[in-house]
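**Q** structure, please.
(chains A, B and C)
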Amino acid sequence: MGPRFRGDDSIRAVGMIVLFTDFGLQGPYTGQMKAVLQQMAPGISIIDLFADAPAGNPKASAYLLAAYAQWFAAGTTFLCVVDPGVGGTRPPVVVEADERWYVGPGNGLFELIARHAAKTRSWDIDLQPQRLSASFHGRDLFAPVAAMLARGEPPPGRPRKDDADRRRDWPDDLAEIVYVDHFGNAMTGLRAATLAPNAKLAAAGRVLERARTFGDRPPGAAFWYENSNGLAEIAVNGGRADRDLGLAIGTPAEIVV
Amino acid sequence: MGPRFRGDDSIRAVGMIVLFTDFGLQGPYTGQMKAVLQQMAPGISIIDLFADAPAGNPKASAYLLAAYAQWFAAGTTFLCVVDPGVGGTRPPVVVEADERWYVGPGNGLFELIARHAAKTRSWDIDLQPQRLSASFHGRDLFAPVAAMLARGEPPPGRPRKDDADRRRDWPDDLAEIVYVDHFGNAMTGLRAATLAPNAKLAAAGRVLERARTFGDRPPGAAFWYENSNGLAEIAVNGGRADRDLGLAIGTPAEIVV
Amino acid sequence: MGPRFRGDDSIRAVGMIVLFTDFGLQGPYTGQMKAVLQQMAPGISIIDLFADAPAGNPKASAYLLAAYAQWFAAGTTFLCVVDPGVGGTRPPVVVEADERWYVGPGNGLFELIARHAAKTRSWDIDLQPQRLSASFHGRDLFAPVAAMLARGEPPPGRPRKDDADRRRDWPDDLAEIVYVDHFGNAMTGLRAATLAPNAKLAAAGRVLERARTFGDRPPGAAFWYENSNGLAEIAVNGGRADRDLGLAIGTPAEIVV
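**A** Okay, the predicted model is just below:
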């Protein structure tokens, strides 16, 4: 029996700002965004969730974001930049979904967030910063909007009238690898809870069975399991699934029942 | 003569939480742990010490951690996750050693900390979070405990009665490379203060002499020196010791007197 | 028309401390510097701008720093460590330039900052910390001084009488690659505002025209553009300029008019 304990599974992060980008770990981009956030929303926590979201790939990113965002509490603001069309015509948007807030490009990145939500609204951002670089809207446009939302201000924009930037043709779950982590584990865009208990995954010519965790399989064995954020993830006990099996972002991972 | 100055060599980091993991730099793991910490222990500083501790290697990590932890002040809480057995049977523990606090897996990671301490106590964690994933105890179990300790609360658990998870057979100093840094310098698990002034190190077929610092040797010369945290470290002036000499984690580095 | 909005282009970061180093992303170095800063200057924001400045290359770093520093507000303190001569004789300095403060080695790193400033002053640091490691002045000397400056204290040192560490022979703009970012884009040391509107850049055997942004060019096309911090940057739409063109730090990029 442990002591009274609350908190780990309902992170009440009011005002917390979470970063989800493909900016990479190095270089000045994340730092400059944080400088804007700390200046405009002082005292509000900033969390680096992903700086290595699938690069230039809003579709794979959308499934990854949807799986991880739900772990955070109502009131969290997500600043999301996977934006191969920066400087082009994709709209800048704000999405509210189940009391969490999302700021970023309207290129499908929030499609699964919106689709899974019980309640969702969206806005076209019409903030006009005094200086807007052609290539860094994360710093010049999205970060100021995220700071405003985290401070509790309303979205600076007009409610969206159409849903021209929705991607209704995308599936509810994506039968592909969407992320490979530091340990070589390969996350799919499939929510494990939607799979039958005995479902197998076929990937890179292999058919993989489900395990509860690594220790359930002998060293060197490949398997899939429900990861700590609910995605079906392919792993090799004591090995690297990416190298050992030949998996990368985009590799199909089909359900076999 | 400089002005009055105190502070750089006695970091009074009451409440500071220091992260020591092998999670790697990318991905969501460190960010999710920090979200828990900031939620449960708001206002307490979090320091990323190592996110690239020797992967899956609690033994090498134990020597690295012991060398770096002593630089921090009494009152610091260390959240340490090098945990190849996650989901298995290794116990989750809290260790107090010389007024610093350590939370993580009882797999030897704290062996050298405990052995070098003047005074140490340990607890078996019996916190039972409402949601405990099979693969991410860093977020679901260890981070909540670290937050409680940093807030000044007692360890949520029972004092350890045995020391079944001690590693008394490990040496006091490890004559191997335990870490290679960004510059290619290779840290050993040997405390420089335990070596004779004229001690040499034999590694990868070379015998290396001691230098005070890089500038004491000609460009291209290999040597060892006492690094800024007291470990014997092998370096090449203007080069990379890892590549130039063929050193990696686990390479023996024997003392020659 | 957007709502009233101020702030994105005048970041009033009083007390903010910005890190500019070549320490790399991994390892304990940045974390230990931050522990000193948070201990000595609690409550002051710390921004990671570059941890991957040109390694051991104060000259290339000087042009990069000058371009990025001007984006930050008066009152910002920059803790800058690109210091191949640590442990040698280069002087530790403080520079004030247009009300921003810089701390680091006097090895040319602040040459362009000083040269571009309307008003500049400098000091020789004479702080004598109780413990000064031979190899980590960033932690033991520069971080304490940065914390003091960020707290509003005067520089701990004497005004410089000579300018022996200036690099007056370095050009105002450097016609070379000074940084390659995560996307493979290659920044030059040339300020785009100094180039004619129709200026071309010759690099790695190619002559490149100017574009406003990526979308202005067909996929696969190479070009240069003014990046979000005013530097001329070479890019390939949908590709990587570093790989596709063969660019690295130090590659010449000459102006062709």
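
**Q** contacts and neighbour counts: CA atoms only from here.
**A** Fine.

**Q** ok, residue A:66 touching residue A:112?
**A** Yes. Using Cα atoms under 8 Å, residue A:66 is in contact with residue A:112, at 5.9 Å.

**Q** for the most centrally placed residue in chain A, helix, strand, or coil?
**A** The centroid of chain A falls nearest to residue A:65 when counting by Cα atoms, centre = their mean (1.6 Å). Following DSSP: H, G, I helix; E, B strand; the rest coil, we place residue A:65 in the helix state.

**Q** for it, what are its contacts?
**A** Neighbouring residues of residue A:65 by Cα atoms under 8 Å, 6 or more residues apart in numbering or on different chains: A:20, A:113.

**Q** closest point of the stretch 51-200 of chain A to chain C, which residue?
**A** Closest approach between the stretch 51-200 of chain A and chain C, counting by Cα to the nearest Cα: residue A:127, at 4.3 Å.

**Q** tell me the buried residues in the helix or strand where residue A:113 lies?
**A** Assigned by DSSP states H and E, residue A:113 belongs to helix A:111-116. Residues of helix A:111-116 classed as buried under the neighbour-count rule (16 or more other Cα atoms under 10 Å in any protein chain shown) are A:111-115.

**Q** ok, residue A:56 to residue C:78 distance?
**A** 32 Å (Cα to Cα, to the nearest Å).

**Q** look at the two and report which has more neighbours.
**A** Legend: neighbour count by other Cα atoms under 10 Å in any protein chain shown for residue A:56 and residue C:78, higher for residue C:78 (28 against 18).

**Q** tell me the SS of the more buried one?
**A** strand.

**Q** that one is in contact with residue C:21, isn't it?
**A** No. Contact criterion Cα under 8 Å: residue C:78 and residue C:21 do not qualify, at 10.1 Å.

**Q** stretch A:199-211 spans what distance, first to last residue?
**A** Terminal-residue distance, stretch A:199-211 (Cα to Cα): 11 Å.

**Q** same deal with stretch A:161-176?
**A** First-to-last distance for stretch A:161-176 - Cα to Cα - comes to 32 Å.

**Q** enumerate the residues of the stretch 51-200 of chain A near chain C.
**A** When proximity is defined by Cα under 8 Å from any Cα of the partner chain, the stretch 51-200 of chain A lies next to chain C at A:85-88, A:126-131, A:133-136, A:140, A:144, A:156-157.

**Q** which residues touch residue A:48?
**A** A:18-20, B:28, B:31.

**Q** from those residues, which ones fall inside helices?
**A** Mapping the contacts of residue A:48 onto helices (DSSP state H) picks out residue B:31.

**Q** so which of the contacts of residue A:48 comes closest to residue A:164?
**A** Minimum distance to residue A:164 across these is 23.2 Å, recorded for residue A:20 (Cα to Cα).

**Q** number of residues surrounding that closest one?
**A** By other Cα under 10 Å, neighbour count at residue A:20 equals 25.

**Q** would you mind measuring from it to chain C?
**A** 15 Å (Cα to the nearest Cα, to the nearest Å).

**Q** so what's that residue bridging to?
**A** Note on residue A:20: beta-bridge partners by DSSP bridges are residue A:50, residue A:80.

**Q** tell me where the stretch 101-250 of chain A has helices.
**A** A:111-116, A:137, A:143-150, A:241-245 (DSSP state H, counting those that start in this stretch).

**Q** export the ones you listed to CSV and tack on mean pLDDT?
**A** Below are these laid out as CSV (pLDDT from 0 to 100):
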stretch, mean pLDDT
helix A:111-116, 96
helix A:137, 95
helix A:143-150, 97
helix A:241-245, 97
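
**Q** between those helices, which one is nearest to residue C:61?
**A** helix A:137 (25.0 Å).

**Q** contacting residues around the closest one?
**A** By Cα under 8 Å, 6+ apart, the list of residues contacting helix A:137 from outside reads residue A:86.

**Q** what's the burial count for residue A:117?
**A** Residue A:117 has 16 nearby residues by other Cα under 10 Å.

**Q** residue numbers of the stretch 51-200 of chain A in contact with chain B?
**A** Counting by Cα under 8 Å from any Cα, the stretch 51-200 of chain A sits next to chain B at A:51-52, A:181-183.

**Q** which of those tops the neighbour count?
**A** Within these, most neighbours by other Cα under 10 Å means residue A:51, with 24 neighbours.

**Q** wait, that residue sits on residue A:27?
**A** No. Using Cα under 8 Å, residue A:51 is not in contact with residue A:27, being 11.2 Å away.

**Q** so where's the stretch 101-250 of chain A shaky on pLDDT?
**A** Within the stretch 101-250 of chain A, the set of residues satisfying pLDDT under 70 is empty.

**Q** show me where it has strands.
**A** In the stretch 101-250 of chain A, the strands defined using DSSP state E, counting those that start in this stretch lie at A:120-125, A:157-159, A:174-180, A:186-191, A:200-203, A:206-208, A:222-226, A:231-236.

**Q** so which of these gets nearest residue A:252?
**A** Once the strands of the stretch 101-250 of chain A are compared by Cα to Cα, strand A:174-180 is nearest, at 4.2 Å.

**Q** summarise which helices and strands that closest one is packed against.
**A** helix A:58-69, strand A:186-191, strand A:253-256 (3 or more Cα pairs under 8 Å, 6 or more residues apart in numbering or on different chains; DSSP states H and E).

**Q** need the ones you listed in TSV (columns: distance to residue C:42).
**A** Listed next are the helices and strands packed on strand A:174-180 as TSV, based on distance: least, Cα to Cα, whole Å:
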stretch	distance to residue C:42
helix A:58-69	31
strand A:186-191	39
strand A:253-256	48
